[in-house]
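> need a structure here:
(2 chains)
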Amino acid sequence: MNFIGKGRQVIEMITDPGTFIENKVGNAELSPGPGPGAVVGTAKCGGQVITMIANDAKQQNPRFKVVYSGIIGLEEAYKMAEAVYCTMAADQAEPVAGKRPIVLIVDTPGNAPGKLEEIVGMNKATVAYQLALAEARKQGHPTVALVIGRAISGAFLCHGLHAGKVLCLADKFNIMIHVMPVTSIARIIKMPLAVLQERVKSNPVFASGVTFAYQLGAVDAVLEDSAAMKTQVLAAISSVRSAQLRGEYSSIGPEGRLQAAIERGGRKTAGIVMKKMREEADNILRALEIL
Amino acid sequence: MKIAGQRWQKIQEQSFYRATARERAAGVADDGTFRELLGPPDKICSPHLPLLGEVAQFDDGMVTGIGLLGTRPVFIISMEGTFLGGGIGEVNGAKMTAAIRLACYTCDAIREKYDGQVPEDKRPVLVISFDTGGVRLHEANAGLLAHADIIDAIQDARGKVPMLSLCGSRLGAFGGMGFVIMATDVVIMNEQGRIGLTGPEVIEEEVGRDEFDASDRALVWRTTGAKHRYIMGDCDYLVADRVSAFREKVLAVAAFPLARILRMRKTGSAQLVKREQELVALSVKEKIKDSTDFWRYFGNDQAENIPEMELERFLQTVKRRPEAK
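Numbering: from 1, shown residues only, chains lettered A, B, ... in the order given. Next comes the predicted model:
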């Protein structure tokens, strides 16, 4: 059993029945035309109003031929970013406790690789969405990502890795979570595949899979039971919300996951780098009489 | 080894394109002021490369440090494309995140020192010199996660520390770093600079040669190159290929009021998303097939002459995408 290509079905599974309204966030109506592979809208989850942002892997974008199967193209990325900004605008006057959650359903194989995409600037589109989600989290919107299928490379970066918490279904649901398959890495770095596959067993930094992703701090929790998706999403929302209410923003999002990774034995050297640079900077800043 | 005096002077006259990461870093800061953070003597290397039979480097292919621009502290991140394609892994990714966060921390400390107000002539500046194809595939997952950390740090630095990007080295800013550069405030390039997300070879492999012929250098250049980025407004300043030309522009921009610098952003607000959505719609409406179609649309009737045009003449005559209001 798996949920690849079933983004819309998962929206129904994790929201209160019949509450999802597509292309509406707060008072804003989003244009239904652009970005057919991005599903955005408002729903209720456990009674609270949330913004939903999901991939619809069944759609082909008629204007951009490289955008299909959940690929995030120019229109999709900007539509997703727009939904986040509409969410922030809708709750602008609310205190942190009243800012609505944003839930991301992740099933995407990548950002669009195409000539037109490069000419227009796919780089800008994907980072526009990242900055929107980062800002929403820092403003106090609880953001939670749920990986249901493919969470690959830059598409996972924009649609997932900026969430306060990232949940991920277990490997048995055919989850694909990586930058690049080991077969392609072997070809590009010119290393025999057999050797690389052997090394993969001991080192998560270039391997695929949910267990490694957890160890490295790409995901916060692994869900063995798909029937628990809704309760787990609700629990994650409330855990992010309480961190935000305590003002502990560095305990969630990428910073929180880096700390978690260090505790799990992944990305340990990154932790050493950060600490040592801070110490050295203090000395230099004093020597330059800046501090 | 400190770069100062005659050696620093000599770097000023050098080609930026050919300068090493360390020369670019020291050359942008005032003479003799650049001090490296986590430099080679610290010997903190990638723990992953030896497992794959690659030789690690003591700086992991990235120079980070602090210098001065007049009265301002400048935090500099400079990438070395000759080491594994300038790829971002766990260590150099963490160095970059830490440098951005340290710039913020210093800004906060200065604010405290001056009773809650950062004097404009003491506000820290961040300069990033790109030379990278993006994620280092040898440690791809850690590299990808580092990009999330970097964007998160950039979001915190916005409006606090001016972020200036320099793109004029051999590898440009591609892959994940192709979007990181678009999250900074100001982009300065030379003619050799290139910015993109998916590299030409990858597009050709994934979509086909009909979509993109990676061996067609003229096509690659006009799709990702500095003149295209300048016309589209992704690049703010196109300068001569000299370290001193980049440094002079950095000095000039660093002295701008913060509000002016923030108006130069390309991403990061609802208004800018709307502006880019209009550009995407325009590309569909105008059936854009090549960069030159956009160049013509924005008023460059002789678009075919642009690639060969001398920099000065180009800057004098080019018509660019209208600026954001």
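
> if I look at the residue of chain B positioned farthest from its centre, how far off is chain A?
Within chain B, the residue lying farthest from the chain centre (CA atoms, centre = their mean) is B:Asp115, at 33.2 Å. Separation of B:Asp115 from chain A (CB to the nearest CB, to the nearest Å): 15 Å. Every residue, glycine included, has its C-beta placed from N, CA and C.

> my read: A:Arg267 touches A:Ala218, true?
No - between A:Arg267 and A:Ala218 there is no contact under CB atoms under 8 Å: 10.0 Å.

> Show me whatever sits in contact with both of the two.
Residues touching both A:Arg267 and A:Ala218 (CB atoms under 8 Å, 6 or more residues apart in numbering or on different chains): B:Leu145.

> quick revisit: report the contact partners of the residue farthest from the centre of chain B.
Applying CB under 8 Å, 6+ apart to B:Asp115 gives no contacts.

> got it, and B:Val284?
Applying CB under 8 Å, 6+ apart to B:Val284 gives the contacts A:Arg63.

> would you say it is within a helix?
Yes - assessed with DSSP: H, G, I helix; E, B strand; the rest coil, B:Val284 lies in a helix.

> The chain: helices as residue ranges?
As the question left the chain open, I've gone with chain A. If DSSP state H is used as the criterion, the helices of chain A fall at A:7-14, A:74-90, A:115-120, A:122-139, A:153-158, A:182-188, A:193-200, A:210-215, A:229-245, A:253-263, A:268-287.

> my question was about chain B
Taking DSSP H as the criterion, chain B carries its helices at B:6-12, B:21-28, B:90-113, B:140-157, B:176-180, B:200-207, B:217-224, B:226-232, B:243-254, B:258-262, B:270-285, B:291-297, B:311-317.

> tell me what the longest one is packed against?
Spelled out, that is helix B:90-113. Packing partners of helix B:90-113 (3 or more CB pairs under 8 Å, 6 or more residues apart in numbering or on different chains; DSSP states H and E): helix A:268-287, strand B:35-37, strand B:62-69, strand B:72-79, strand B:125-130, helix B:140-157.

> do that again at 7 Å, thanks
Here helix B:90-113 touches helix A:268-287, strand B:62-69, strand B:72-79, helix B:140-157, going by 3 or more CB pairs under 7 Å, 6 or more residues apart in numbering or on different chains; DSSP states H and E.

> Please work out the angle formed by the directions of that helix and helix B:140-157.
Using axes from the mean of the first three to the mean of the last three CA atoms, to 10 degrees, one finds that helix B:90-113 and helix B:140-157 are set 10 degrees apart in direction.

> Just name the shakiest helix or strand of chain B by mean pLDDT.
When the helices and strands of chain B are scored by mean pLDDT, DSSP states H and E, helix B:200-207 comes last with a mean of 90.

> Now the stretch 201-325 of chain B against chain A: closest residue?
Taking CB to the nearest CB, chain A has its nearest neighbour within the stretch 201-325 of chain B at B:Ala270, 3.7 Å off.

> Report the contact partners of that residue.
By CB atoms under 7 Å, 6 or more residues apart in numbering or on different chains, the contact list for B:Ala270 reads A:85, A:89.

> ok, now B:Tyr17?
Residues in contact with B:Tyr17 (CB under 7 Å, 6+ apart) are B:168-170, B:190, B:192, B:241.

> Reformat these as CSV; add distance to B:Ile151 and pLDDT.
Formatted as CSV, the contacts of B:Tyr17 follow (distance: CB to CB, whole Å; pLDDT from 0 to 100):
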residue, distance to B:Ile151, pLDDT
B:Gly168, 23, 98
B:Ser169, 21, 98
B:Arg170, 24, 97
B:Asn190, 25, 98
B:Gln192, 26, 97
B:Asp241, 29, 98
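
> roughly how far is stretch A:168-186 from the heart of the chain?
Offset of stretch A:168-186 from its chain centre (CA atoms, centre = their mean, to the nearest Å): 15 Å.

> wouldn't B:Glu90 be in contact with A:Lys268 here?
No - counting by CB atoms under 7 Å, B:Glu90 stays clear of A:Lys268, with 8.8 Å between them.

> Those two: which is more packed in?
The neighbour comparison of B:Glu90 against A:Lys268 (other CB atoms under 10 Å in any protein chain shown) goes to B:Glu90, with 28 against 14.

> From A:Ala145, how far off is the more buried one?
Distance from B:Glu90 to A:Ala145, counting by CB to CB, to the nearest Å: 22 Å.

> can you check B:Met232 too?
Look at B:Met232 and A:Ala145: by CB to CB, they are 31 Å apart.

> got a list of what the residue nearest the centre of chain A touches?
Residue closest to the mean C-alpha point of chain A, counted by CA atoms, centre = their mean, is A:Gly160 at 0.3 Å. Counting by CB under 7 Å, 6+ apart, A:Gly160 touches A:104, A:106, A:145, A:147, A:151, A:166.

> Hmm, the last one is touching A:Ile148, no?
In this case it means A:Val166. No - under the criterion of CB under 7 Å, A:Val166 makes no contact with A:Ile148, lying 12.0 Å away.

> list the contacts for residue 36?
Going with chain A. Counting by CB under 7 Å, 6+ apart, A:Pro36 makes contact with A:56, A:59, A:61.

> My question was about chain B, not that one.
B:63, B:65.

> neighbours around residue 149, how many?
Looking at chain A here, since you left the chain open. Neighbours of A:Gly149 (other CB under 10 Å): 26.

> wrong chain, I was asking about chain B
Close neighbours of B:Asp149, defined as other CB under 10 Å, add up to 26.

> And B:Thr132, by the same measure?
31.

> which residue sits closest to it, ignoring its sequence neighbours?
Closest residue to B:Thr132 apart from its sequence neighbours, by CB to CB, 6 or more residues apart in numbering or on different chains: B:Gly86 at 3.3 Å.

> and what of A:Val179?
B:Ala140 (3.7 Å).

> how much space between B:Pro50 and chain A?
B:Pro50 is 11 Å from chain A, by CB to the nearest CB.

> is it true that that residue touches B:Ala56?
Yes - counting by CB under 7 Å, B:Ala56 is a contact partner of B:Pro50 at 6.1 Å.

> the more surrounded of the two?
When B:Pro50 is set against B:Ala56 and neighbours are counted by other CB under 10 Å, the residue ahead is B:Ala56, at 19 against 11.

> I'd say that one and B:Leu49 touch.
Yes - between B:Ala56 and B:Leu49 there is a contact at 4.6 Å, judged by CB under 7 Å.
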